[in-house]
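1. Need the 3D shape of this:
(chains A, B, C and D)
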There are 4 protein chains.
Amino acid sequence: MTEQLFRFSTDIRVRNYEVDWQGIVHNANYLLYCEVARLEYLRHLGLKIDMESIKGESKVVLVRNEINYKFPATFNQLLRVYTRISTIKTTSFIFEGMIVDAEKGFQIVENWAYHVWLDGRKNDPMVVPEHFRSVVKQFEGDNVEIINPKI
Amino acid sequence: MTEQLFRFSTDIRVRNYEVDWQGIVHNANYLLYCEVARLEYLRHLGLKIDMESIKGESKVVLVRNEINYKFPATFNQLLRVYTRISTIKTTSFIFEGMIVDAEKGFQIVENWAYHVWLDGRKNDPMVVPEHFRSVVKQFEGDNVEIINPKI
Amino acid sequence: MTEQLFRFSTDIRVRNYEVDWQGIVHNANYLLYCEVARLEYLRHLGLKIDMESIKGESKVVLVRNEINYKFPATFNQLLRVYTRISTIKTTSFIFEGMIVDAEKGFQIVENWAYHVWLDGRKNDPMVVPEHFRSVVKQFEGDNVEIINPKI
Amino acid sequence: MTEQLFRFSTDIRVRNYEVDWQGIVHNANYLLYCEVARLEYLRHLGLKIDMESIKGESKVVLVRNEINYKFPATFNQLLRVYTRISTIKTTSFIFEGMIVDAEKGFQIVENWAYHVWLDGRKNDPMVVPEHFRSVVKQFEGDNVEIINPKI
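-> Residues are numbered from 1 along each chain as shown, chains lettered A, B, ... in the order given. Model (predicted):
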């Protein structure tokens, strides 16, 4: 994964309570950092995914996380959390994340978060809405792989 | 605070990620332990305070926490978390908590959590419901100080 | 993944603060549950991996997590967290985890946690110690795939 | 508590996973926010209290927290976390904290965190070092109440 692929990032400074007894950020916290970036990405694109939307007719659920730990982060380190939607399939999409040291650039973790769009009433997978596809496409350009829905 | 005052406790074993870089349980986690015990206490007394109830017409809010840190807890330590409702006033009540080492009995923290009962629609304090008073009174007996509502 | 592969499990009851605004356990918490089970597994096998050992000459680091979310867990649900070491390679090993509803048995998540053994001084991968291999082999029997180190 | 008393603040935006099932920030997280501000305050004053210092000869321990919950914070809200050392006694000092909405200024919580200085070897309270007193005095001026140590 390289920075060139990303058009969005947010900076997060490591807080003391995120560090575990080994003196490094606890492994589960990197998932939290990546999720913070995903929500800011969606807000940046004007795609409201917040508390209101989960009461609506459709919802997005996380079905899989993959994370590679490259180098441990430490207290007070400034992290740059890159995120992008890399792939949109018929009923699902993938968020890629990469955390690097904000000053020196070395990689800390890589993350792939797989999401599925569900019909809010029946909980069946549904086609990713056209509005979502087009907004992401407009922002990411050729960086996002879009697989058109077979309707 | 002494164990004699309490008629309810629950045991919690310290998890690795609750320990901070100093090798001891992070100070905020003791509030979580005390809250776990409070919810189990309420369930034990048949007083349902869960997700459904917060959509109802009245709600209970936490307005103040006091916690004294006596001795730090460490990984894998078995904690006994005592809890009781010590006082019920007109529109509020106090939960006392005490965490001790489950084997050796020495004190780890003491906690006082002040709650207020609110009318769900107007958010005004309301008189603690009679059912709640009587159930707590039945369980705690003379250990709970009940101040009758002036209606 | 099926329960038949596992010889160890620990039960964890979902705590209120582990539930997010959607009313379900936040996705990062499942990693914590699986980690709790791994540490209890190691203790059960007499393999001390605690704060002391990380100051020693070698250490074990987590290099990758994969987690599939099958069904969301909710407040107060009793979870059975299965764990096992499924594979030991030359310098690494894999922990598999599976969380199910303790009463009804349906799957909640599956987890694969990849660990590497490092020389504590040079941080180079080192051969998984023979003692670790043999203890795991004795406990897991044919359920663990052991790839002999090429020394 | 009023903003006029404070000469230091840091801004924190509420993250999604800090919100509980009630849709508001979980009560224990406010302690974390106040602690983040205290560490940044100490760094701002050049008073290094970090991982290195805890291996030193003396240490600072938190012995009591008091927190009043005034108004719940919600997802994405920008919080201004004020902090100051309000009192230095012979062997202890008090950090006051106040969290307000960064834009509208209304109060969210008030916090008092009581710290004691311990001799690292015997764990006995020791006189707060003169360097610490003078640096805080220089920054806070008349806002800090200093009770000279009786040596």
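
2. So which bits of stretch A:129-140 are buried?
-> A:132-133, A:135-136, A:139-140 (16 or more other Cβ atoms under 10 Å in any protein chain shown). Heads up, the C-betas are built off the backbone N, CA and C, glycines and all.

3. what's in contact with that stretch?
-> Residues outside stretch A:129-140 that contact it (Cβ atoms under 8 Å, 6 or more residues apart in numbering or on different chains): A:7-8, A:45-47, A:58, A:84-85, A:88, A:93, A:117, A:144, A:146.

4. any idea which of the buried residues of stretch A:129-140 is closest to residue B:64?
-> Of all those, residue A:132 has the smallest distance to residue B:64: 43.9 Å, by Cβ to Cβ.

5. For the closest one, give its distance to residue A:40.
-> Residue A:132 sits 17 Å away from residue A:40, going by Cβ to Cβ, to the nearest Å.

6. go on, residue A:115?
-> From residue A:115 across to residue A:40, the span is 16 Å (Cβ to Cβ).

7. tell me, what residue is most central in chain A?
-> residue A:38 (3.8 Å; Cα atoms, centre = their mean).

8. which parts of whichever helix or strand that one is part of are buried?
-> Taking DSSP states H and E as the definition, one finds residue A:38 inside helix A:29-44. Using 16+ other Cβ under 10 Å as the test for burial, helix A:29-44 gives A:29-42.

9. And chain B, is that helix touching that?
-> No - with Cβ under 8 Å from any Cβ of the partner chain as the criterion, chain B is not reached by helix A:29-44; the gap is at least 9.0 Å.

10. Compute the inter-axis angle for that helix and helix C:29-44.
-> 170 degrees (axes from the mean of the first three to the mean of the last three Cα atoms, to 10 degrees).

11. So which elements touch helix A:29-44?
-> If you count contacts as 3 or more Cβ pairs under 8 Å, 6 or more residues apart in numbering or on different chains; DSSP states H and E, helix A:29-44 packs onto strand A:9-13, strand A:58-69, strand A:78-88, strand A:92-101, strand A:107-119.

12. try it again with 6 Å
-> Packing partners of helix A:29-44 (3 or more Cβ pairs under 6 Å, 6 or more residues apart in numbering or on different chains; DSSP states H and E): strand A:9-13, strand A:78-88.

13. Any idea which of those strands gets closest to residue D:104?
-> Minimum separation from residue D:104 across the helices and strands packed on helix A:29-44 (Cβ to Cβ) falls at strand A:9-13, 23.9 Å.

14. Could you tell me which residues within the closest one count as buried?
-> The neighbour-count check on strand A:9-13 (16+ other Cβ under 10 Å) flags A:9-10, A:12 as buried.

15. Nearest residue to residue A:64 in space, please, no chain neighbours.
-> Residue nearest to residue A:64 in three dimensions, not counting chain neighbours: residue A:114, with 4.0 Å by Cβ to Cβ, 6 or more residues apart in numbering or on different chains.

16. Next, the residue sitting furthest away from the middle of chain A: secondary structure please.
-> Most distant from the centre of chain A: residue A:21, at 27.3 Å, with distances by Cα atoms, centre = their mean. Of the three states, residue A:21 takes coil under DSSP: H, G, I helix; E, B strand; the rest coil.

17. For stretch A:66-79, which outside residues touch it?
-> Residues from elsewhere that reach stretch A:66-79, judged by Cβ atoms under 6 Å, 6 or more residues apart in numbering or on different chains: A:11-14, A:16, A:19, A:24-25, A:99, A:102, A:107-112, C:62-66.

18. mean confidence score for that stretch?
-> Average pLDDT, stretch A:66-79: 97.

19. Point out where chain A drops to low pLDDT.
-> Applying pLDDT under 70 to chain A flags the ranges A:49-56, A:149-151.

20. Contact residues of it facing chain B?
-> When proximity is defined as Cβ under 6 Å from any Cβ of the partner chain, chain A approaches chain B at A:17, A:19, A:21, A:23, A:26.

21. Just name the closest of those to residue B:122, please.
-> Among these, residue A:17 lies closest to residue B:122 (Cβ to Cβ), at 36.6 Å.

22. Now distance to residue A:122 too, for the helices and strands packed on helix A:29-44, in JSON lines please.
-> Formatted as JSON lines, the helices and strands packed on helix A:29-44 follow (distance: least, Cβ to Cβ, whole Å):
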{"stretch": "strand A:9-13", "distance to residue A:122": "35"}
{"stretch": "strand A:78-88", "distance to residue A:122": "22"}
